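1. sequence and predicted structure are below.
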Amino acid sequence: LTAVSFCVTRKTQAAAEKGVLEAQALAAAQARVQRLANLPGNLCTPSYLADEAKKMAKKYDLKSKILDEKDMRELGMGALLAVAQGSREEAKLIVVEYRGADKSVKPTVLVGKGLTFDAGGISIKPAGQMDEMKYDMCGGATVLGALEFAALMQLPINLVGVVPSTENMPGGKAFKPGDIITAMNGTTIEILNTDAEGRLILCDALTYVEKNYEPEVVIDMATLTGACMVALGTHATGLFSNNQALADALLKAGTNSGDRAWQLPLWSDYHDLLKSNFADVANCSEGRYAGAISAACFLAKFTEQFKSW
């Protein structure tokens, strides 16, 4: 271990102590996210991620709840379960609550994609760099890291983390292109590509949030589609929002932290990309254009009830 000493004046001591505390909390949260992200898929399974969340909740006296596939079937989470059905690993819906404010204060809800391995399902990915698909749970890991930071800093807010977690595998029971599935809110979805699965697990998680909380703000985060990297490269995160004030705040936070984002449109014109002849909506667009935007438009159909998403 390395000891670091700071020489400060009495006038700046309180600010220095606060800064050190914040740095320690941020380092601990980032270390958790990085450790989970770097674990191989055979170790960091949905069950492992759920256990990690429960241990963290116990450590910081947070409330946690883990839904298994039986619970999801009872709730009608047909989209999340469709993705999970090709894997032998049981899917989990992980919920962790941090309460740092009065119960009357509406929470901020973070929803993170927790695909612990994504082979693409029947629409299987190319073999090259498929090992990196263990990182498809980084949205979920980031949610857990944010909750740890809030707990360590004792932030005066209410924060809820929701992580839908599964694998996307090409097993004998895997869902197929052409299938019609029904999401938790009753929306029917035509599957055009099983590799557009992140939005399917997120849409049921977002409906779960709607039915169980009255959030002030909802933010979902995910390695949702490689099309976003085609649009923006590796230097910026794509950002979509139905609330410009929230978008501006996130863009400013990204600039200040060095983790920059760039806002892309959610215009109604793009929703036509998801039209289906057989269901309420298709899970992706058939053409090459606006892949990241059409993914966000898909999720927008499940967030209309949120004023700030």
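-> Cool, got the structure. For clarity, every value in this text was computed on a predicted model and none was experimentally measured.
2. in the protein, which spans are helices?
-> 10-38, 46-59, 69-75, 78-84, 138-153, 198-212, 227-232, 244-257, 291-300 (DSSP state H).
3. could those be laid out in TSV, adding distance to M169 and mean neighbour count?
-> Just so you know, the C-beta spots here come from the backbone N, C-alpha and C atoms, and that holds for glycine as well. Shown next, in TSV, are the helices of the chain (distance: least, C-beta to C-beta, whole Å; neighbours: other C-beta atoms under 10 Å):
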stretch	distance to M169	mean neighbour count
helix 10-38	20	13
helix 46-59	12	18
helix 69-75	15	14
helix 78-84	9	27
helix 138-153	18	24
helix 198-212	14	24
helix 227-232	22	17
helix 244-257	33	13
helix 291-300	21	23
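4. in TSV: those helices, plus distance to E132 and mean pLDDT.
-> Below are those laid out as TSV (distance: least, C-beta to C-beta, whole Å; pLDDT from 0 to 100):
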stretch	distance to E132	mean pLDDT
helix 10-38	10	95
helix 46-59	18	98
helix 69-75	27	98
helix 78-84	19	98
helix 138-153	11	98
helix 198-212	15	98
helix 227-232	12	96
helix 244-257	23	97
helix 291-300	18	97
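5. any chance of those in TSV with distance to L264 as columns?
-> Compiled in TSV, these are given as follows (distance: least, C-beta to C-beta, whole Å):
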stretch	distance to L264
helix 10-38	24
helix 46-59	29
helix 69-75	31
helix 78-84	23
helix 138-153	17
helix 198-212	15
helix 227-232	7
helix 244-257	10
helix 291-300	6
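6. ok, A290 touching D272?
-> No. Counting by C-beta atoms under 8 Å, no contact exists between A290 and D272, whose distance comes to 10.5 Å.
7. who has more neighbours out of the two?
-> Using other C-beta atoms under 10 Å as the criterion, A290 and D272 rank with A290 on top: 18 against 10.
8. check contacts around the more buried one.
-> A227, Y270, L273 (C-beta atoms under 8 Å, 6 or more residues apart in numbering).
9. before we move on, back to that, nearest to T108, out of the helices of the chain?
-> Set against T108 and scored by C-beta to C-beta, the helices of the chain come closest in helix 138-153, at 9.4 Å.
10. show me what that closest one is packed up against.
-> In terms of contact count using 3 or more C-beta pairs under 8 Å, 6 or more residues apart in numbering; DSSP states H and E, helix 138-153 is assigned the packing partners helix 10-38, helix 46-59, strand 92-99, strand 108-112, strand 114-118, strand 158-168, strand 217-221.
11. angle of that helix against helix 198-212?
-> Between the axis of helix 138-153 and that of helix 198-212 there is an angle of 40 degrees, by axes from the mean of the first three to the mean of the last three C-alpha atoms, to 10 degrees.
12. got the angle between helix 138-153 and strand 217-221?
-> Regarding helix 138-153 and strand 217-221, their directions subtend 130 degrees when assessed with the same axes, to 10 degrees.
13. what's in contact with helix 138-153?
-> By C-beta under 8 Å, 6+ apart, the residues outside helix 138-153 that reach it are 21-22, 24-26, 28-30, 32-33, 36-37, 49, 52-53, 56, 60-62, 94, 96, 98, 100, 110-114, 155, 157, 159, 161-165, 220-223.
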